[in-house]
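Colleague: Dropping the sequence and predicted coords here.
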Amino acid sequence: MSPHEHTFGELNQRDRIKKFLEMGQTLTRLNAWARLGILEAPARISELRAEGHNIKTNMVTVRNRYGHKVSVAEWSMGDTNEK
């Protein structure tokens, strides 16, 4: 665990996601669970958007555990000057 990840545990789920995205990282459901301990990331993303945060969604293709290609949402923090 990096020193940055240790500090995430002191924040609520929305703030963990916000901080992670503000650091220039991208987030999916999978790495939200693995890196931040957040199971319902889409709900937190929705809440952050409702608060006015510019969070972009990009659909990416990954392989699931059975080797099938599936699309998942990948979130990133948009430019604060963009509308």
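Modeller: Good, I have the coordinates.
Colleague: Going by C-alpha atoms from here, please, whenever you check contacts or count neighbours.
Modeller: Will do.
Colleague: and residue 56, what element?
Modeller: strand 55-63 (DSSP states H and E).
Colleague: can you count the residues close to the residue nearest to residue 59 when sequence neighbours are not counted?
Modeller: Nearest non-adjacent residue to residue 59, counting by Cα to Cα, 6 or more residues apart in numbering: residue 73, 4.7 Å away. Neighbourhood size, residue 73 [other Cα atoms under 10 Å]: 15.
Colleague: How about residue 41?
Modeller: Residue 41: 22 neighbours (other Cα under 10 Å).
Colleague: what's the answer for residue 27, then?
Modeller: Residues lying near residue 27 (other Cα under 10 Å) number 22.
Colleague: ok, what's across the strand from it?
Modeller: Counting by DSSP bridges, residue 27 is bridged to residue 75.
Colleague: which residues touch residue 22?
Modeller: Contacts for residue 22 (Cα atoms under 8 Å, 6 or more residues apart in numbering) come out as residue 77.
Colleague: confidence score at it?
Modeller: As predicted, residue 22 sits at a pLDDT of 95.
Colleague: Where does the prediction get shaky in this structure?
Modeller: 1-9, 79-83 (pLDDT under 70).
Colleague: now do 80
Modeller: Low-confidence segments of the chain (pLDDT under 80): 1-9, 78-83.
Colleague: What are the boundaries of the strands in it?
Modeller: Along the chain, the segments classed as strands by DSSP state E run 55-63, 69-77.
Colleague: The last one packs against which elements?
Modeller: The elements that strand 69-77 packs onto, with contact taken as 3 or more Cα pairs under 8 Å, 6 or more residues apart in numbering; DSSP states H and E, are helix 13-22, strand 55-63.
Colleague: what's the angle between that strand and helix 13-22?
Modeller: Strand 69-77 and helix 13-22 are oriented at 90 degrees to each other (axes from the mean of the first three to the mean of the last three Cα atoms, to 10 degrees).
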